[in-house]
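*Asks:* Build the 3D model from these lines:
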Amino acid sequence: MKAIWNNTVVAESDETLVVENNHYFPPESIKKEYFEESGTHTVCPWKGQASYYNLAVNGEENKDAAWYYPETSDLARQIKGYVAFWKGVEVVE
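*Replies:* The predicted structure is shown next:
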């Protein structure tokens, strides 16, 4: 699977996990040079507190375009640290 934004592959993996129709990419599969920590956090009742990344590609920013769970509930432990995308990021095979 590839995550693409602004004509650039920002993550690529054969080992994504699908939860609630979102592909979660292993942390080592993201191209860190495009990711900046965001101060945004949200809470999922069953997964826990999510943290977000802004994407910065070719001089453009996509705020809070990726999220991950640094700590999870027991039910979601398989996606701890994995990264998922939205806000126009295309996830394709």
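
*Asks:* From N6, how far off is G59?
*Replies:* 9 Å (C-beta to C-beta, to the nearest Å). To be clear about C-beta, it is placed using only N, CA and C from the backbone, and glycine gets the same treatment.

*Asks:* out of those two, which sits in the busier spot?
*Replies:* Each of G59 and N6 has its neighbours counted (other C-beta atoms under 10 Å); N6 has more, 16 against 6.

*Asks:* Please report how far that one lies from Y82.
*Replies:* Look at N6 and Y82: by C-beta to C-beta, they are 22 Å apart.

*Asks:* Please enumerate the strands of this structure.
*Replies:* Applying DSSP state E to the chain gives strands spanning 2-5, 8-12, 17-19, 22-24, 35-44, 48-57, 60-68, 83-85, 90-92.

*Asks:* What strands line up against the third one, and which way round?
*Replies:* Applying DSSP bridges to the sheet, strand 17-19 is found paired with strand 22-24 (antiparallel).
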